[in-house]
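# I need the structure of the sequence given here:
(2 chains)
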Amino acid sequence: MSENILEVRDLVVHFETDDGVVKAINGLNFSIGREKTLGLVGETGAGKTTTALSILNLVPNPPGKIKSGSILLDGRDVLQMSDKELEQMRGNDVAMIFQDPMTALNPVMTVGDQIAESIQLHQFVSPKDAFEKAKEMLQMVGIAESRAYDYPHQFSGGMRQRVVIAIALACEPKLLLSDEPTTALDVTIQAQVLELMKELIRKRHMSMLLITHDLGVVAESCDDVAVMYAGKIVEIGSADEVFNQTRHPYTEGLFNSLPNLRERGEELIPIKGLMPDPMNLPEGCSFAPRCPYATEACEKQPPELRHMGGTHYVACDAYNDPDFCLRRNSHG
Amino acid sequence: MENTNKTGNIRQFKGRSLGQETWRRLLKNRGAVVGMIFMVLLVIVAILAEFIYNYDTDIVAQNSKAIFASPSAAHIFGTDQFGRDIFARILYGARYSLLIGVGSVAFGLVVGMILGALAGFYGGVIDNLVMRANDILYAIPNIMIAVVIVSLLGTTPFSLLLALSISAASSFARIVRAAVMQIRGQEYIESAYAMGLPTWKVILKHIIPNCLSPIIVQVTLAIGSNIIAASSLSFLGVGVAPPMPEWGAMLSDGRPYIRSAPWLCIFPGLAIMVTVLALNLMGDGLRDALDPKLKK
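Numbering: from 1, shown residues only, chains lettered A, B, ... in the order given. Just a heads-up that it's a prediction; the model follows:
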């Protein structure tokens, strides 16, 4: 048994379209420890969802192509598995929660059948037992088991997301991939669903990759945080390290663009510009064009992740200068 | 058993499925109900016709004493130039029309659904092959295809059925392909894969059931149009050959006498019209019932 449930090494994923090659993920490295939750943060198009799909080896091919790298799930490389092994792994070892509960459920199947489908597929039980287990799962996520016979259109958004969670957890996977599980829900329901997920994960000793662009969600539920930009991790570390000792200018930008509860009326500082076109990434650091600290050197060579103490790593060459310090930190 | 009580309680909360919901809405549509009742009667008649009438003595046997009898109590729809009872022939003819209509659509549905699902799901080369072949079929008038097949295989009900099912297959392939392409990109399909389902199960359990509503509607409408097509081909002499009492063939037989004995044409024509109307009413009703956006 390896130490980490998931280890992603040098992952490169490209989408080869007629218009050109979209470089979605460019050398990704991270790992998730057992019973740990890693928050993967980044703006739209940073490659977060592609990362999750790569872990299931479900990147749509064509046009998607996993060019290189390895994804070790419990020591076994997902990218080397046969179709049969993949089918056994999906849903059983790794399950995924999708972003929009409105479209993630099949409208013509009862929710009970949808939960039972996964159970029946991976555990050798009769359809009847699977359905009984499905009812238990519903109860576990806080839905009356009598509603197993209902169809998705008879549920509200928050309830549907609970059903999606029940499907994902039905086979007790070791790793849960949650792709913005609360984005499509309103704020009060978000808190409920998040609380439910945290509790279930703790009870079942599962690990989770939580994809989000909501830093509040990360602060509340993650042990570790990875910040992604243009298909690369720019900063990774424990939640405490990333939130309280922010090292990367992009992470700083993300925090600056959040309203501060203590100092109301303060102006927000947005990150200027747009994310680079993934078909045409800059030669050097991909954040350099938007970075307030960028120097000429930044545009020449892409930075490597460097160790900043503890479990904290950052990809920024400004730290070649030992005196460099982000404004956020210099204020104390 | 301990569970029985529990399950018994649960049953009363059971929600209405999509099928039950559709059925309920269908029953609210008067036209569709009339159409359905007529079709049920027609099917019963078609099945019973064999027991009521003897094909050799009642349907094809000539009776020179009663030629061109106008409609009366003895012959409700009158008799034709050979003295055959038109009412009996029309009832018996329902067998041919229904068999050819339903048979050609069923055959076309199976072939069209397989090809359409493959083309829509896999796209790329398979899609191009299937759909370009389909375009070629579309470019040739259906009647031409039918004439070629019938002249190759002879004027039997089977060759007519085969000819009609080819055009049915091509239109089903189009409809299924479009529906599959739309469903394929949905998140619950991705979710089914993430659950570990193999591709064939994803197609059978998740994609096809979600494409059913346009297919069901098309089935009812296609049966109607294929009955008309079968009758037209028989009318032209490339369908079911006389003396078999096919409606189109009867219409064609009666054509020379339309001035002196119009009932020879009126009744088979009405039979075709009413049957197709009933099927179209049903199809329209189904389309409305299956489309939740039209829900009032």
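
# show me what contacts the residue lying closest to B:Ser232 once chain neighbours are set aside?
Distances taken as Cβ to Cβ, 6 or more residues apart in numbering or on different chains place B:Gly248 nearest to B:Ser232, at 6.1 Å, with adjacent residues excluded. (C-beta placed from N, C-alpha, C; glycine too.) Neighbour list for B:Gly248: B:Ala230, B:Ser231, B:Ser232, B:Leu233, B:Ser234, B:Phe235, B:Gly239, B:Val240, B:Pro268, B:Ile272 [criterion: Cβ atoms under 8 Å, 6 or more residues apart in numbering or on different chains].

# Mind telling me what element A:Gly142 is part of?
When secondary structure is defined by DSSP states H and E, A:Gly142 falls outside every helix and strand.

# I'd like to know how many residues surround it.
Neighbours of A:Gly142 under the rule other Cβ atoms under 10 Å in any protein chain shown: 14.

# Quick one: low-confidence residue ranges for chain B.
Scanning chain B with the threshold set as pLDDT under 70 gives B:1-18, B:292-296.

# Tell me how far the residue most central in space within it lies from B:Leu164.
The centroid of chain B falls nearest to B:Ile223 when counting by Cα atoms, centre = their mean (1.9 Å). Between B:Ile223 and B:Leu164 the distance is 10 Å, computed by Cβ to Cβ, to the nearest Å.

# With B:Leu264 instead?
25 Å.

# now A:Glu304
For A:Glu304, the distance to B:Leu164 - Cβ to Cβ - is 69 Å.

# can you check A:His14 too?
According to Cβ to Cβ, A:His14 stands 49 Å off from B:Leu164.

# again with A:Lys67
From A:Lys67 to B:Leu164 the distance is 51 Å (Cβ to Cβ).

# Output the longest helix along chain A as PDB, restricted to C-alpha atoms.
Scanning chain A for the helix with the most residues, using DSSP state H, yields helix A:187-203. Extracted as PDB, the C-alpha positions of helix A:187-203 are listed here (Å, rounded to 0.1, in the frame of the first residue of the first chain):
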ATOM      1  CA  VAL A 187     -25.600  29.600  -0.900                       C
ATOM      2  CA  THR A 188     -27.600  28.100   2.000                       C
ATOM      3  CA  ILE A 189     -27.800  24.800   0.100                       C
ATOM      4  CA  GLN A 190     -24.100  25.000  -0.700                       C
ATOM      5  CA  ALA A 191     -23.300  25.000   3.000                       C
ATOM      6  CA  GLN A 192     -25.600  22.000   3.700                       C
ATOM      7  CA  VAL A 193     -24.200  20.000   0.800                       C
ATOM      8  CA  LEU A 194     -20.600  20.800   1.700                       C
ATOM      9  CA  GLU A 195     -21.200  19.900   5.400                       C
ATOM     10  CA  LEU A 196     -22.800  16.600   4.300                       C
ATOM     11  CA  MET A 197     -19.800  15.700   2.000                       C
ATOM     12  CA  LYS A 198     -17.300  16.600   4.700                       C
ATOM     13  CA  GLU A 199     -19.100  14.400   7.200                       C
ATOM     14  CA  LEU A 200     -19.500  11.400   4.900                       C
ATOM     15  CA  ILE A 201     -15.900  11.600   3.800                       C
ATOM     16  CA  ARG A 202     -14.600  11.600   7.400                       C
ATOM     17  CA  LYS A 203     -16.900   8.700   8.400                       C
END
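
# Contacts for that helix next, please.
Contacts of helix A:187-203 (Cβ under 8 Å, 6+ apart): A:35, A:37, A:140-142, A:157-158, A:161-162, A:165, A:169, A:176, A:178, A:181-182, A:185, A:206-208, A:217, A:220-221.

# Can you tell me the SS state at the nearest residue to the residue nearest to the centre of chain B once chain neighbours are set aside?
Once flanking residues are discounted, B:Ile223 sits nearest to B:Gly101: 4.4 Å by Cβ to Cβ, 6+ apart. In three-state terms, and counting by DSSP: H, G, I helix; E, B strand; the rest coil, B:Gly101 is helix.
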